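Peer 1: structure for the following, please:
(chains A and B)
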Amino acid sequence: MAMKQSRLFTKTRKEAPKDELAKNAQLLIRAGFIHKEMAGVYSYLPLGLRVIKKIEEIVRREMNEIGGVELQTTALQKKEVWEKTNRWDDAVVDNWFKTKLKNGTELGLGFTQEEPLTNLMTNFISSYKNLPVFVYDFRTVFRNEERAKSGLIRGREFYWKALYSFSKNENEHNVFYARAQQAYQNIFEKTGLGEITFLTFASGGTFSKYSHEYQTIAPAGEDTIYLSKEKRIAVNQEVYTDEVLSDLGLAKDELTKSKAIEVGNIFPLHYRFSEPFGLQYKDEKGEKKLVFMGSYGLGISRLLGTIVETLSDEKGIVWPASVAPFKIHLLSLGQNEKAEEIYKKLKVAGAEVLYDDRDITAGEKFAEADLIGLPYRAVVSEKTVAAGGAELKRRNAEKSKIVGLEELIKLK
RNA sequence: CGGGGUGUGGUGUAACGGCUAACAUUCUCGCUUUGGGAGCGAGCGACUCCGGGUUCGAAUCCCGGCACCCCGACCA
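Peer 2: Alright, predicted model coming up:
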């Protein structure tokens, strides 16, 4: 998609809002990607929404690749479903947003999808022939956090992907679980966080010995992990014990302590949900058995925040090409028809280009381009036209070079 | 939820208890300029978060509320 910047109603700011300290929120607001509605609640503006969609598509492809099937559950939740697992009571789950129908019936705004989805799947799973099945869901969820913080890192309303696996038994589950790990690794590599994101062993809670978190190293992180750069794994401080280290074959002296942001979390659910909902199947012998489940979460909006938090410099955001709202930032300096012409050709070629066609000073265009942070900047002025084309520069490079239209189209 | 802090034009800041609440930026208009948020001039824009109180007089002091930020706790 191509777009003229004169059509983009958002505006950049020189100064960070005083009610945000987190780098991700400051930059995303300054560059016009998000709008703060209230603490922990943000609207996605056109540029921000495009990044969300890019990340979503990367995640979708990986989920499809491992056999995931997409659906969408509801935000409104009914009490009875959650009472089956004892997760309706505020004494048990303290971050519910609850509301009521006109007639007084209590409802909740979903904070996760295990209950509704397990309940829903009882309609469709009845035989071993129906298994395994992997279902995923992108949606906004709500958590009444006592303290929202760090911009998009911990919000009260956020966008995430949840996948649940339904398997015949633990062995079958383990096969998928391993594939899911690979898919997660692919996602972080493709979104530019591969180098600084670690598979992390964390508390398994009531479900199993461990859960696996994907932790991205960042000073702004809420978690503390001990990581091995060589082995590409880490241990969450909450389970940093001699026993766990020996389990994993890690020695203390090979681990580095670091703050990190939890960008994903996967773990087996065993029969925690299939049991209360009676999610069973008949095996080959006609015997009823419980479905073995697994959970695979990933915060899309948190990932957006994490990318900005970790991949920005003093001038602004530095988007990885894979998630950038546009690939090319085309700037026209002064009056010239050449820029318009290049824009039209790029558009026809299907390039993802944001064309700054506004009548403002060069300095302003450069400063804004750096702040918005698209991977490539192509300047078209009398000077560059005389030199044979556009001046192309990567966002994170110092050097630039003159290129023709063909080379620009290649970048799309 | 415990502790700390902050609320002033859209944004960022200033103002001893005392003139018509100031400056920068944004925005509008004019001129100039055109390779790093450029210059000059003119304008628009604020019941100083809300409600009480003290005082001749409150943005400023006091009380209550709300909002926001930070630390901690919490975070299948």
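Peer 1: pull the number of nearby residues for the closest residue to RNA strand B within chain A.
Peer 2: Residue nearest to RNA strand B within chain A: A:Gly363 (2.3 Å; CB to the nearest atom of the strand). All C-beta spots, glycine's among them, are computed from the backbone N, C-alpha and C. Residues lying near A:Gly363 (other CB atoms under 10 Å) number 8.
Peer 1: can you check A:Ile153 too?
Peer 2: 26.
Peer 1: A:Tyr184 touches A:Gly297, doesn't it?
Peer 2: No: using CB atoms under 8 Å, A:Tyr184 is not in contact with A:Gly297, being 10.2 Å away.
Peer 1: the more surrounded of those two?
Peer 2: A:Tyr184 (23 against 20).
Peer 1: wait, is that one part of a strand?
Peer 2: No: going by DSSP: H, G, I helix; E, B strand; the rest coil, the assignment for A:Tyr184 is helix, not a strand.
Peer 1: so the residue lying closest to A:Lys84 once chain neighbours are set aside, which of the three states?
Peer 2: Leaving aside its sequence neighbours, A:Lys84 sits nearest to A:Pro276 (CB to CB, 6 or more residues apart in numbering; 4.5 Å). Using three-state DSSP, the secondary structure recorded for A:Pro276 is helix.
Peer 1: if we can go back for a sec, shared neighbours, A:Tyr184 and A:Gly297?
Peer 2: The contact sets of A:Tyr184 and A:Gly297 overlap at A:Gly264, A:Ile266 (CB atoms under 8 Å, 6 or more residues apart in numbering).
Peer 1: could I get the contacting residues of the spatially closest residue to A:Asp283 that is not a sequence neighbour?
Peer 2: Excluding its sequence neighbours, the residue lying closest to A:Asp283 (CB to CB, 6+ apart) is A:Tyr128, at 5.0 Å. Applying CB under 8 Å, 6+ apart to A:Tyr128 gives the contacts A:Lys168, A:Tyr281, A:Lys282, A:Asp283, A:Glu284.
Peer 1: distance of the first one from A:Met121?
Peer 2: When distance is defined by CB to CB, to the nearest Å, A:Lys168 is 14 Å away from A:Met121.
Peer 1: and those two? Which one has more around it.
Peer 2: Taking neighbours as other CB under 10 Å, A:Lys168 and A:Met121 compare with A:Met121 leading, 20 against 17.
Peer 1: in contact with that one, which residues?
Peer 2: A:Met121 touches A:Val133, A:Val135, A:Phe166, A:Leu279, A:Val291, counting by CB under 8 Å, 6+ apart.
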